[in-house]
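Asker: the following comprises the amino acid sequence and a computationally predicted model.
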Amino acid sequence: MNDLPQQLANGLLLGALYGLIAIGYTMVYGIVQLINFAHGEIFMIGGFGALTAYLWLPAGTSLLFALPLMILMAMACSVLVAMGAERFAYRPLRGAPRLAPLITAIGLSIALQQAIWAFYPDATKSRPFPEFEGGRIDLGAFAIGRGDLFLVIAAPLCMIALGFFVSKTRTGRAMQATSQDPDTAKLMGINTDRIIVTAFAIGAAFAAIAAIAHGVKYGEVNFKMGFIAGLKAFTAAVLGGIGNIYGAMIGGLVLGLAEALATAYIENIPGMSQLGGGAWKDVWAFVLLILVLLLRPQGLLGQRVADRA
């Protein structure tokens, strides 16, 4: 139990990372009812975009100095890919049966992954990502890595900015209207195509921020990192109530805590020693998803179909 504060901190940090990625899933689903399984690769492309920006700078450049350029480059790469995917892969299938865009999303995910593997220099193996210098920061009951500071600052700022955008701006209110009834929104003069593209762009921008947080935390990026991260983020979105932006972040935090605590403590339970440790963390994440879906299918903050009707 002496390690509990540290495990809680680890879980919250991991959950914030999942939550940033999950927002992209939940925003797109909330507006067009599409599960964009290529979103994990959009996250991965943001990481490689940030690395490219850093490599353009003179050798030995401070990461703190390079960070603004890396953020802009990561967001630009992720947003452009997301907007291109919406325009050329998903929009032509908007009126098709739901299975068609779902299969397209899976195919696009594989294509983007293989494109980075084939065309980015040395992407066949993990590429080192710049890290902040210095050891872990001791906060008394727990310690965090210097790379985690970026996530601690970025995640709350992103959520505050998104909450303000959705509730206070004209475009944000148009997004809410499109989510509730796209046909009526179109009749009211809302350009739903532009709103849908905006949702893809915002989700991609948040994924890019998450990719930089992942890079500075773990010190590397690789072409496969979007697959598991994307599945975990989708799980977080479902846990929180897919279509609810605040639920996505809360689902991410719950998932991160569940992973951290299960990894640390389940192996200490008599008779379950082989079910703990890092090798089982993905299993327990999906066990949590199954339990939540059985007990509350609409997610933690989701609305029941009967209530929406």
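Answerer: Noted; the coordinates are in hand.
Asker: what pLDDT does residue 59 get?
Answerer: On pLDDT, residue 59 comes in at 87.
Asker: what helices or strands is the longest helix along the chain leaning on?
Answerer: Longest helix in the chain, counting residues (DSSP state H): helix 4-32. For helix 4-32, the helices and strands in contact under the criterion 3 or more C-beta pairs under 8 Å, 6 or more residues apart in numbering; DSSP states H and E are helix 39-56, strand 143-144, helix 146-168, helix 170-180, helix 192-218, helix 225-240, helix 245-265. Every residue, glycine included, has its C-beta placed from N, CA and C.
Asker: and these: which comes nearest residue 111?
Answerer: Closest to residue 111 of those, according to C-beta to C-beta: helix 39-56, at 8.4 Å.
Asker: mean confidence for that closest one?
Answerer: 97.
Asker: between it and helix 4-32, how big is the angle?
Answerer: Per axes from the mean of the first three to the mean of the last three C-alpha atoms, to 10 degrees, the angle that helix 39-56 makes with helix 4-32 is 110 degrees.
Asker: pretty sure residue 102 contacts residue 38?
Answerer: No - the criterion here is C-beta atoms under 8 Å, and residue 102 misses it with residue 38 at 10.8 Å.
Asker: looking at those two, which is more packed in?
Answerer: Taking neighbours as other C-beta atoms under 10 Å, residue 102 and residue 38 compare with residue 38 leading, 26 against 15.
Asker: distance-wise, check that one relative to residue 181.
Answerer: For residue 38, the distance to residue 181 equals 27 Å [C-beta to C-beta, to the nearest Å].
Asker: same check on residue 234?
Answerer: Distance from residue 234 to residue 181, by C-beta to C-beta: 25 Å.
Asker: more neighbours, these two?
Answerer: Taking other C-beta under 10 Å, residue 234 and residue 181 do not tie; residue 234 has more neighbours (26 against 11).
Asker: skip the chain neighbours and tell me the closest residue to that one.
Answerer: Nearest non-adjacent residue to residue 234, counting by C-beta to C-beta, 6 or more residues apart in numbering: residue 25, 5.3 Å away.
Asker: again, but for residue 184
Answerer: residue 177 (7.6 Å).
Asker: pretty sure the one you found contacts residue 183?
Answerer: No - in this structure residue 177 lies outside contact range of residue 183 using C-beta under 8 Å: 10.8 Å.
Asker: neighbour-wise, which of the two wins?
Answerer: A side-by-side neighbour count of residue 177 and residue 183, using other C-beta under 10 Å, places residue 177 first with 17 against 9.
Asker: look at residue 224 and say how many residues are nearby.
Answerer: 16.
Asker: when you give positions from now on, start the count at 88
Answerer: I'll keep to 88 as the first residue from here, and by that count the last item is residue 311.
Asker: against residue 389, how distant is the closest residue to it other than its chain neighbours?
Answerer: Once flanking residues are discounted, residue 311 sits nearest to residue 200: 6.9 Å by C-beta to C-beta, 6+ apart. Per C-beta to C-beta, residue 200 is found 30 Å from residue 389.
Asker: now do stretch 337-353: distance to the chain's middle.
Answerer: Its chain's average C-alpha position is 16 Å from that of stretch 337-353, according to C-alpha atoms, centre = their mean, to the nearest Å.
Asker: and what of stretch 320-327?
Answerer: For stretch 320-327, the distance to the chain centre is 10 Å (C-alpha atoms, centre = their mean).
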